[in-house]
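prediction below, plus the sequence it came from.
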Amino acid sequence: MKPFLRLLACCALLGIAAAGQPLAPALDYRQPVLEKNFPLLAALSADPEAAAAIHSDAALLELTRRLAEKRRHALEHCEQDMRCLLDAFRLSEEQIAEAAAALVRLADQPSLLRLVTHRLRPQAVLVRHHGRSDAQLLELGWREAAAGLNRLIEVYGEGKPPRYPAIDSPMFDTASEMYRRLVFNVIADLEEALPAAALFFEGSLRFGLALLEMNLRDEAGRFEPLHLGENRAAWAQVARTDFSRYAYSAILVPGAGPDRQGVALSPAGKLRVRIAARRYHAGKAPFLIVSGGFVHPNQTPYCEAIEMKKALMKDFGVPESAILVDPHARHTTTNLRNAARILLRYGLPGDRPALVTTDVYQSRYIESPQFAERCKKELGYVPFESLGRVSLFDLEWRPRPESLHADPQDPLDP
């Protein structure tokens, strides 16, 4: 993409969206865990012409050969050595740099240019790199993906602590004999099924996704695509809504996990729903966004957002067409980030603020400098613009477009 076109695209994303004019589209995921965590790798794998361009590069072909040989060696010689098995799929700094240099060389190939300009940039899944050249976007997107793949191996292969061990950890003892045997069988199956024309990253990619699947960590893919499922009624309602009648575009309600087996909706969650429903019935906003995934306790069968939606409809008379669900957020940081994504992708207007309505103590925390610092540490940015306090329970905010950027370091909710 030419520099002035990149500048125009970047400025458009930083602008204000009108109702019905989303900054980026709602995405029709087919393999959501893959596509949400690794959008660049998913795009390369799904595009035969881009794959052909990659296969045309001698350095990448040689890298592909070496990586395949390393995996075959592990199958033949590392059955009893878990670290050796995992190292066969881990990407070294040298390998990551080698692939990055090749992608930069290939960036002006028509197929890769088309992939960047017609898929990756419009989808805004790498939006934090939109001010960069196409070559730099490919390089940075690859480096982020490779780091995410290595992180999957560390956490769900080696058992290193994830960002939040109490809720994101493997379901197995990764040091056990049983787990080593399971991993070996998965590797053998993967190698048998991997096509001869696999791209250089596909062995590591399929192994990382297999580790998530083995540990029942498919949270990122549940309910997707949302706008065609749980959010279908409200998504359709957005285009029919006269937002000029409302002070706020939507009211975000963060979930609160019960931390107790068998409890679907915690008392704190019910309280937050009750307060937000009052705001809705008072005409403050036409939509409620309930946000929270399968979080507390670990591996719970209950999704906070879904249970809040049920309560809003059953107990507080809110119609389904007014409820937008984010069933993926696992932390307060991603409550705001994921709600921002919904606002930006569904075309709710950016010329008016949203509310976040919650209990007094979480509300104070969201307003605090400590929360902004936590967002910067975990996400790399603050996903919202704080516009001030309205009441003990309510804060005004606007979404920031950086929120659309995929984060493979948090694979259960990237």
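Yep, that arrived. Small disclaimer: the values here were computed from a predicted structure and weren't measured. Numbers count the residues shown, from 1 in each chain.

which parts of the stretch 301-414 of the chain are strands?
All strands of the stretch 301-414 of the chain, identified by DSSP state E, counting those that start in this stretch, fall at 323-326, 354-357, 384-389, 394-399.

and the third one, what's its mean pLDDT?
What that stands for is strand 384-389. Averaged across strand 384-389, pLDDT comes to 96.

helices and strands around that strand, which ones?
Under the contact criterion of 3 or more CB pairs under 8 Å, 6 or more residues apart in numbering; DSSP states H and E, strand 384-389 touches helix 332-346, helix 360-367, strand 394-399. For glycine as for every other residue, the C-beta is placed from the backbone atoms N, C-alpha and C.

any chance of a markdown table for the strands of the stretch 301-414 of the chain, columns distance to residue 275 and mean neighbour count?
Listed next are these as a markdown table, based on distance: least, CB to CB, whole Å; neighbours: other CB atoms under 10 Å:
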| stretch | distance to residue 275 | mean neighbour count |
| --- | --- | --- |
| strand 323-326 | 15 | 27 |
| strand 354-357 | 6 | 28 |
| strand 384-389 | 15 | 15 |
| strand 394-399 | 8 | 21 |
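
circling back: the helices and strands packed on strand 384-389: which one's closest to residue 113?
Of all the helices and strands packed on strand 384-389, helix 332-346 sits nearest to residue 113, with 24.6 Å by CB to CB.

looking at the helices and strands packed on strand 384-389, spot the one closest to residue 302.
Nearest to residue 302 among those is helix 332-346 (16.7 Å), distances taken as CB to CB.

ok, how many other residues are close to residue 407?
Using other CB atoms under 10 Å, residue 407 has 18 other residues around it.

one step back: can you lay out the strands of the stretch 301-414 of the chain as CSV showing distance to residue 94?
Formatted as CSV, the strands of the stretch 301-414 of the chain follow (distance: least, CB to CB, whole Å):
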stretch, distance to residue 94
strand 323-326, 39
strand 354-357, 45
strand 384-389, 39
strand 394-399, 39
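
please identify the deepest-packed of the helices and strands packed on strand 384-389.
Comparing the helices and strands packed on strand 384-389 by mean neighbour count (mean count of other CB atoms under 10 Å), helix 332-346 comes out on top with a mean of 26.

that one - contacts with which helices or strands?
Packed against helix 332-346 by the contact rule (3+ CB pairs under 8 Å, 6+ apart) you find strand 251-254, strand 288-291, strand 323-326, strand 354-357, helix 360-367, helix 369-378, strand 384-389, strand 394-399.

hmm, 7 Å instead?
In terms of contacts (3 or more CB pairs under 7 Å, 6 or more residues apart in numbering; DSSP states H and E), helix 332-346 is packed against strand 251-254, strand 288-291, strand 323-326, helix 360-367, helix 369-378, strand 394-399.

run through who's touching it.
The contact list for helix 332-346, computed with CB atoms under 7 Å, 6 or more residues apart in numbering, reads 17, 22-26, 235, 238, 249-250, 252, 254, 289, 291-292, 324, 326, 328-329, 354, 362, 365-366, 374-375, 378-379, 383-384, 399-401, 403-404, 413.
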